[in-house]
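Trainee: Need a 3D model of the sequence below.
(chains A and B)
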Amino acid sequence: MKPSLYQPINGEIVEIIDESPTIKSFVVVPEKQVTFSTGQFVELTLPGEGEAPFTPSSSPAQADKMEITIMKAGRVTALLHECNKGQKVGIRGPFGNGYPVDDFVGKEVYIVGGGVGLAPIRSLFLTLVDRIKDFKSVVCRYGARTPKDFIYKKTLFGRWQKIDGVNIKLTVDEANGEWKDNVGVVTTILEPGDVDIKNAVAVVCGPPIMMKFVTLKLLEFGFAAKDIYLSMEKNMSCGVGKCGHCMIGKYYVCKDGPVFTYEQIKDYPNIWD
Amino acid sequence: MKTVFIVKLKPLLDAVAGDMDLYTPKKAEQHYVYKRYDPSADTDVEFNNIRACTPIKEFLFPLRELAAIFPEPVEPEQIKPFAVFGVKNCDLRSIEVLDKVFLEAEFEDPYYVARRDKMFIISADCFDPGESCFCNVLDGRPWPESGFDLNVCQAGDGFIIEIGSNKGNDFVQNHNELFSEVPQGALAERDRIRELTQKQLEQNNAELKFDMPIRDVMNATYDSYVYDEEAKTCVECQACTRVCPTCHCFYLYDTKQEDYFSKMKMWDSCMRMAYAQVAGGANPRKILGDRLRHRLMHKFVYFLDRYGLQMCIGCGRCVDAEAGDVDIREVLKKLNKELRDSKEAKVTK
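Mentor: As a prediction, this is how the structure comes out:
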């Protein structure tokens, strides 16, 4: 008999990084290499407790280990947050379709992220930066609730801002004394002139409500629905388009997504819920 | 198709049970349920007029099964050959649906493959269809045409056995002494019974007619109030999805044993409130009417678009099982009426 479709690859958490009060990044080393393309997701199992879907936040080019950034949101993620280095885990996947990076060649890539939505975007960002000359530019607009809620602070505030061809602007919903940048939700730092819309694609990832309003804003700017890429957060479980939990209309988010263009899903109700 | 004849069913079933575990439908109150056949105890063989209440998926995709053991993977226990008797054409069509899902090239489910491979199917013609049966509306017939190893139908003073596969042929060869040639006139009688049964279904469902293919009716009435209206009587018992032979949602969960961890697979239901909910609380189908719509759209539109066949086979089990008052036939009828009314309204304008 073939191995089970649902057999996890054994792995170990080798490092844990505190990103924000509710978000940690876990560096996981799988026993067998897990080759993924940016934007695909994996199911991370905490043995005996449960599993949950996450898009790795590391670059696919880094093959021996993957980083998974996790917000404490439910039972499994809360338990993961209590884990220490050395914790054994299971990994299933990768599943689905990631970002079609090759289709972005020669274009401006307009990335809009919020909160923990930066995780899949970081993987994409690192992938783009690796071959930055292939793209006209990479323009990023990130928002967080407060300055301390930004994740990947060190690189986000530092090295990433200095890369040629990259333009990053940040905003917070609520500022504290030291914050000098924009205050307001992420849509307040989106300008029609940020990119040449005729030759750009937009990538959006963040909390559902943020994705909704960013998408509406991008449409208002004149982006075509087919040029807006959304990484959808749904209840992916089996990962192979069978169990049904993640369905949006006819799509299995796990198999047909998790990255969709807005064009694909716009006619279904409650996609942001 | 090659046919043979047998006068009584018991010798046939005894021979099957001699080769492997056999499950047959037994009457439990007004319905049939599958039970393990015991040649010494089961002196009377029941020939079920319609499908059992037990959905055939139970034999291929059990209510709860082991999906994986880790950290050390374990070779799953070998599935032994088994046989199921009295399988109706709607059941066979439901297997076709499940095959699409679990035998899908890249994502084959090895447990399903193993069971499917070991299953010996003895199907049977329907006679005297039930009140809830509506397979004829969904292009089904009350007798099997393919997908079985042997098919049984009553005719003359016994039963005609059609041989539908090599496995079926081997069985007949190996038990040659049980069978005789089909008597003259028996096939004509079989055809007459089949025609009568078909007519009876057509009469029962005379009012269930659509102006367009169901897929188009449903797409055109996607925003219908009918779903919320119908869902009002749903008590979320999820019985419809349990007994549905094509519903295949499942839930993967983890357990801890003394020296290993396991992933288990258990039937789930898209009618359940938290079914699509994510950890953060977001839920695209919080409203019961939305869940009902999703279930029916999946049956008649999404599955058809993806796999080229409808996911409802008209067996009517959900109608029988319903604790509330949701009747899939009524929902379809109302959607069709809404579509017709809206067209007429446009014309009068």
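Trainee: domains for chain B, by residue range?
Mentor: B:3-204, B:214-348 (automatic domain parsing).
Trainee: can those domains go into a markdown table with extra columns for distance to residue A:197 and mean neighbour count?
Mentor: Glycine gets a C-beta too; all of them are placed from N, C-alpha and C. Converted to a markdown table, those look like this (distance: least, CB to CB, whole Å; neighbours: other CB atoms under 10 Å in any protein chain shown):
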| stretch | distance to residue A:197 | mean neighbour count |
| --- | --- | --- |
| domain B:3-204 | 37 | 18 |
| domain B:214-348 | 29 | 18 |
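Trainee: Output stretch B:298-314 as CSV, nothing but the C-alphas.
Mentor: Extracted as CSV, the C-alpha positions of stretch B:298-314 are listed here (Å, rounded to 0.1, in the frame of the first residue of the first chain):
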residue,chain,number,x,y,z
HIS,B,298,-21.8,21.4,-4.2
LYS,B,299,-24.1,18.6,-5.1
PHE,B,300,-25.5,20.0,-8.3
VAL,B,301,-23.0,22.6,-9.5
TYR,B,302,-19.5,22.6,-8.0
PHE,B,303,-19.0,18.9,-8.2
LEU,B,304,-20.4,18.7,-11.7
ASP,B,305,-18.2,21.5,-12.9
ARG,B,306,-15.1,19.9,-11.4
TYR,B,307,-15.6,16.2,-12.0
GLY,B,308,-18.3,16.1,-14.7
LEU,B,309,-21.0,14.4,-12.7
GLN,B,310,-23.6,15.4,-10.3
MET,B,311,-23.1,14.6,-6.6
CYS,B,312,-26.7,13.9,-5.9
ILE,B,313,-28.0,10.6,-7.1
GLY,B,314,-31.6,10.9,-6.0
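Trainee: three-state assignment of the spatially most central residue of chain A?
Mentor: Centroid check for chain A by CA atoms, centre = their mean gives residue A:120 as the closest residue, at 2.0 Å. Here residue A:120 takes the helix state, with states given by DSSP: H, G, I helix; E, B strand; the rest coil.
Trainee: Around the closest residue to it other than its chain neighbours, how many other residues sit close by?
Mentor: Leaving aside its chain neighbours, residue A:120 sits nearest to residue A:55 (3.8 Å; criterion: CB to CB, 6 or more residues apart in numbering or on different chains). The burial count assigned to residue A:55 is 30, neighbours taken as other CB atoms under 10 Å in any protein chain shown.
Trainee: Phi, psi for residue A:55 please.
Mentor: Residue A:55 adopts backbone torsions of phi -90, psi 120, taken as degrees, to the nearest 10.
Trainee: I figured it hits residue A:121, correct?
Mentor: No - checked against CB atoms under 8 Å, the pair residue A:55 and residue A:121 is beyond contact range at 9.1 Å.
Trainee: what about the residue of chain A found nearest chain B, how many neighbours?
Mentor: Residue nearest to chain B within chain A: residue A:74 (2.7 Å; CB to the nearest CB). By the measure other CB under 10 Å, the count of residues near residue A:74 is 15.
Trainee: what do you get for residue A:168?
Mentor: 17.
Trainee: try residue A:58
Mentor: Residue A:58: 22 surrounding residues under other CB under 10 Å.
Trainee: host element of it?
Mentor: Using DSSP states H and E, residue A:58 sits in no helix or strand.
Trainee: Would you check that it makes contact with residue A:69?
Mentor: No - in this structure residue A:58 lies outside contact range of residue A:69 using CB under 8 Å: 9.2 Å.
Trainee: Spit out the residues that contact these two alike.
Mentor: residue A:122 (CB atoms under 8 Å, 6 or more residues apart in numbering or on different chains).
Trainee: rewinding a little: hang on, isn't the residue of chain A closest to chain B packed against residue B:280?
Mentor: Yes - at 7.2 Å, residue A:74 counts as touching residue B:280 under the criterion of CB under 8 Å.
Trainee: All the helices of the stretch 151-300 of chain B, residue numbers only.
Mentor: Taking DSSP state H, counting those that start in this stretch as the criterion, the stretch 151-300 of chain B carries its helices at B:166-174, B:186-204, B:214-220, B:226-231, B:239-243, B:288-297.
Trainee: Shouldn't residue B:54 be within a strand?
Mentor: No - secondary structure of residue B:54 (three-state DSSP): coil, not part of a strand.
Trainee: residues in contact with residue B:220?
Mentor: Here residue B:220 is in contact with B:212, B:339 (criterion: CB under 8 Å, 6+ apart).
Trainee: what about 10 Å?
Mentor: For residue B:220, the contact set (CB atoms under 10 Å, 6 or more residues apart in numbering or on different chains) comprises B:211, B:212, B:335, B:336, B:338, B:339, B:342, B:343.
Trainee: Excluding sequence neighbours, find me the nearest residue to residue B:334.
Mentor: Using CB to CB, 6+ apart, the closest residue to residue B:334 is residue B:226 (4.7 Å).
Trainee: Tell me the spacing between the one you found and chain A.
Mentor: According to CB to the nearest CB, to the nearest Å, residue B:226 and chain A sit 15 Å apart.
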